[in-house]
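Asks: Have a look at this prediction, sequence included:
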Amino acid sequence: MERLLRAGLTRFIRTGNLRLSVRDGKPLEFGDGTGPPVALRFATARAVSKIFLNPELRLGEAYMAGDFILEAGSIADLLAILMSQEPHGAVPYFARPQAALRYSRRRLDQFNYRRRARQNVAHHYDLDSRLYSLFLDADRQYSCAYFESPDQSLDDAQLAKKRHLAAKLLVGDGQRVLDIGCGWGGLALYLAEQCGATVTGITLSEEQHKLAQGRAAERHLSQSVEFRLQDYRDVNERFDRIVSVGMFEHVGIGHYRTFFNQCAKLLSDDGVIVLHSIGRSEGPNATNPWIDKYIFPGGYIPALSEVLPAIEQAGLMVCDIEMLRLHYADTLKAWRARFLAHAEEARRLYDHRFVRMWEFYLAASEMAFRHQGMMVFQIQLAKRVDAVPVTRGYIEREEERLRKRERKIPPPLRMAGE
């Protein structure tokens, strides 16, 4: 086994500083010696064999189970070495058979009919609400922040994200807005408070719905913001603006035409849509099996080449596409630091295994953005060619207008769990 392991990892790991040992055996060294040293020791040879045969699934499971100990470096450091070796989207040669099988069955895995979609959402978003207060910003924005400067705080960057989206939406006083996948309601409340909109937010998460309703009532916005426990396929009204942030990743590859056809049906003739979603730069692929099993069942991160045909077929026009590249890596880094600072509280809510699972999820996601071509795209859509200005200067002007308004109507300062 040692000979096979050495041959496989020597071929795969060309850069970095990795030392690996099994029980009390002699350490094996890989990489070119650059970067922070990472050393791990496996409890059994069997654990190494399982990872070698199916690394994308078994490495995370081994970390959750405590099958290896990091004697130097963190799980984030280890993943940085492993995920920076191959070109974007590639997997080690010894894991390619499993990757091909996953790709062949991805439409079946992402067949998210209504009941299954709700079950998938509950798996992740209906966890104990106190968990998210441990690492999110005060407004519970569980999506990519927009860092206007490298030293900007997470809370300020999440506010900037809401402002950036509102500017692209060009929301006017009294306009009707649909927020598909509204989360805990932060963006919907912002659009009502700062833009004077009447907002309908929909979610499939019972926990998110309950908390969002409470937030609207506390801020005396129940007349202008309505939160519903509803599937996007069951909405029937017309709206001036539609926004969706961090929800499209749960739609599934086989449902893209349905999603955009529904958006076109709900949008007024002079309306505007802004879609904010994680995307992959290397082209179509399959969902990582560990993420699919433990974090986001039924989810998929699309390539633009898979999204744009469905937009065209729905009769919608792309007005603007913006790529946010390292913004999500920095967001995840901040989340991971906050989560680890409150790891003991998370352990009391769940257990040690859950804490290791969540740490692995945040670290792996961050490294996917740093090393594997993941990014976020914001696509602005309309039905009419003149629905938005013909140059992009209006975005900065609208952001500045919203900044001034925020000073007059500051958001309430409270922690995410309150």
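Replies: Thanks, I have the structure now.

Asks: the longest strand in the chain is where?
Replies: Identified as the longest strand of the chain according to DSSP state E is strand 267-280.

Asks: mean confidence score for it?
Replies: Mean per-residue pLDDT for strand 267-280: 98.

Asks: now swap in stretch 287-298 and tell me
Replies: On average, stretch 287-298 scores 94.

Asks: how many neighbours does the spatially closest residue to residue 246 that is not a sequence neighbour have?
Replies: Once flanking residues are discounted, residue 246 sits nearest to residue 143: 3.6 Å by Cβ to Cβ, 6 or more residues apart in numbering. C-beta coordinates here come from the backbone N, C-alpha and C atoms, glycine included. When counting by other Cβ atoms under 10 Å, one arrives at 20 neighbours for residue 143.

Asks: re the thing from before, check which helices and strands the longest strand of the chain sits against.
Replies: Counting contacts by 3 or more Cβ pairs under 8 Å, 6 or more residues apart in numbering; DSSP states H and E, strand 267-280 packs against helix 154-169, strand 239-245, helix 304-313, strand 374-382.

Asks: then the helix or strand following that strand to PDB, C-alphas only?
Replies: Using DSSP states H and E, the next helix or strand after strand 267-280 towards the C-terminus is helix 289-294. Output of helix 289-294 as PDB, limited to C-alpha atoms (Å, rounded to 0.1, in the frame of the first residue of the first chain):
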ATOM      1  CA  PRO A 289     -20.100  13.800  -3.600                       C
ATOM      2  CA  TRP A 290     -19.200  14.800  -0.100                       C
ATOM      3  CA  ILE A 291     -21.000  18.200  -0.500                       C
ATOM      4  CA  ASP A 292     -24.000  16.400  -2.000                       C
ATOM      5  CA  LYS A 293     -24.200  13.800   0.800                       C
ATOM      6  CA  TYR A 294     -23.600  15.900   3.800                       C
END
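
Asks: And the helix or strand hosting residue 49, what does it pack against?
Replies: Following DSSP H and E, one finds residue 49 within helix 45-53. Contacts defined by 3+ Cβ pairs under 8 Å, 6+ apart place helix 45-53 against helix 2-12, helix 55-65.

Asks: before we move on, back to that, quick one: distance of the longest strand of the chain to the chain centre.
Replies: The chain centre lies 17 Å from the centre of strand 267-280; the measure is Cα atoms, centre = their mean, to the nearest Å.

Asks: same thing with stretch 199-206?
Replies: 18 Å.

Asks: Report the buried residues of it.
Replies: Using 16 or more other Cβ atoms under 10 Å as the test for burial, stretch 199-206 gives 199-205.
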